[in-house]
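**Student:** Okay, here's the prediction I keep looking at, along with the sequence it came from:
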Amino acid sequence: MQLNAKDQLPDSGNIGDATLVRLSVNTLLKDSDAEILQLSVGPMDNNVYVIRCTQTGDAILIDAANEHERLLELCTALGIRKVLETHGHWDHVQAVPAVREAGIDVGITRDDSALLSSYDFVIDDEEVTEVGRLRLKSVITPGHTPGSVCFKLEGLPILFSGDTLFPGGPGNTSFEGGNFETIMKSLEERLFVFPDDTIILPGHGSSTTLGKERPHLAEWHERGW
Ligand SMILES: [Zn+2]
C-alpha cells in the first residue's frame, strides 16, 4: 500500500505516545505553543526534526534524510505536507523522492538545488515559513555547501543548524563546494548574532548552545577547520 499524505486529514490532536515510541521519536520540547520532535535515521545518524504548532496541529519536517517508510508514517500521523532541506548532501536527502511521491512538498535553497534530482520549491534567505502560529525563518549560511541553510524558530531560542554548526565547531568544509573561510563568515555574521541561550539543533549528534560555542570561535579560525 502506498501512503499518500494528501489523503490523510491533519491530526490536530496529539500524536499517540505509542506511535512515537514505535518510531523511536524523541520529544525535545512540548509546551502550549510548540512541539519539537527528533529522530535519528540512516547510516550517518542524521537528525530529522519536526516542528509542530501545538495550537493548530500544523507541522513541518526538516531533512527527509533517510528511512523513508519511518518518515512517511510520521508525516501521515502528523499531517505533514512540507519538508525543508538544510542542504543537499546525500545523507540528508535519501528520503526526498519517496516523500515527494507521497505528495509532500520539498524545498531546498537555489544554490544546493542541483544536488537534488527534483524538488518543489526554493527556500530564499530570510524567508518565513509559517507552521500554524509558529514562524520558522531561513538563514542562509554557505560554507559546508554553497546553499546550506539554518532555520530559526521565531520567539523561541531554537535554531536548526544542519551541518553548519555542531558542538565543537563548524561543519566539514572538505567536500566539493565547501569552504572554511565562508563557513566561518556565515557563523560570525549570521548565527552568532543570536543570543547565547540559543539552542543549536544540528543535523547529526547532540545539541549545544551559542553560549557554549562562542568562546571557541578564535580557536576554530586558528586551527582552520
Ligand atoms: Zn552535509
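**Tutor:** That came in fine, so what should we check first? In this text, all values refer to a predicted model and were calculated from it rather than measured experimentally.

**Student:** Other residues contacting stretch 162-170?
**Tutor:** The contact list for stretch 162-170 (Cβ atoms under 8 Å, 6 or more residues apart in numbering) reads 63, 86-87, 89, 92, 141, 143-145, 148-150, 171-172, 180, 183-184, 186-187, 191, 200, 202-208, 212-213, 216, 220, 225. Where C-beta positions appear, they are placed from N, C-alpha and C, glycine not excepted.

**Student:** Between its first and last residues, how far does that stretch reach?
**Tutor:** End-to-end span of stretch 162-170 (Cα to Cα, to the nearest Å): 10 Å.

**Student:** and it, is it in reach of the ion?
**Tutor:** Yes - against the ion, stretch 162-170 shows contacts by Cβ under 5 Å from the ion at residue 163.

**Student:** related to what we said a few turns ago, what subset of the contacts of stretch 162-170 is also close to the ion?
**Tutor:** Within these, those near the ion by Cβ under 5 Å from the ion are residue 89.

**Student:** Now, of the contacts of stretch 162-170, which are buried?
**Tutor:** 63, 86-87, 89, 92, 141, 143-145, 148-150, 171, 180, 183-184, 186-187, 191, 200, 202-204, 207-208, 213, 220 (16 or more other Cβ atoms under 10 Å).

**Student:** Return the subset of the residues you listed lying in helices.
**Tutor:** When DSSP state H defines the helices, the subset of the buried ones among the contacts of stretch 162-170 inside them is 92, 180, 183, 184, 186, 213, 220.

**Student:** could the residues you listed go into CSV alongside pLDDT?
**Tutor:** Formatted as CSV, those follow (pLDDT from 0 to 100):
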residue, pLDDT
92, 98
180, 98
183, 98
184, 98
186, 98
213, 98
220, 98
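
**Student:** of these, closest to the ion?
**Tutor:** Checking these against the ion by Cβ to the ion gives residue 92 as the nearest, at 6.1 Å.

**Student:** Quote the end-to-end distance of stretch 140-152.
**Tutor:** 11 Å.

**Student:** now do stretch 82-94
**Tutor:** End-to-end distance for stretch 82-94: 16 Å, by Cα to Cα.

**Student:** Show me which residues of the chain are close to the ion?
**Tutor:** Counting by Cβ under 5 Å from the ion, the residues of the chain near the ion are 89, 163.

**Student:** ok, longest helix in the chain?
**Tutor:** Assigned via DSSP H, the chain shows its longest helix as helix 68-78.

**Student:** So what's the gap between it and the chain middle?
**Tutor:** Counting by Cα atoms, centre = their mean, to the nearest Å, helix 68-78 is centred 16 Å from the centre of its parent chain.

**Student:** got the CA coordinates for it in CSV?
**Tutor:** C-alpha atoms of helix 68-78 as CSV (Å, rounded to 0.1, in the frame of the first residue of the first chain):
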residue,chain,number,x,y,z
HIS,A,68,11.5,7.0,4.2
GLU,A,69,9.0,4.5,5.5
ARG,A,70,9.5,5.6,9.0
LEU,A,71,9.4,9.3,8.0
LEU,A,72,6.2,8.8,5.9
GLU,A,73,4.5,7.1,8.8
LEU,A,74,5.4,10.1,11.0
CYS,A,75,4.3,12.6,8.3
THR,A,76,1.0,10.8,7.8
ALA,A,77,0.3,10.7,11.6
LEU,A,78,1.0,14.4,11.9
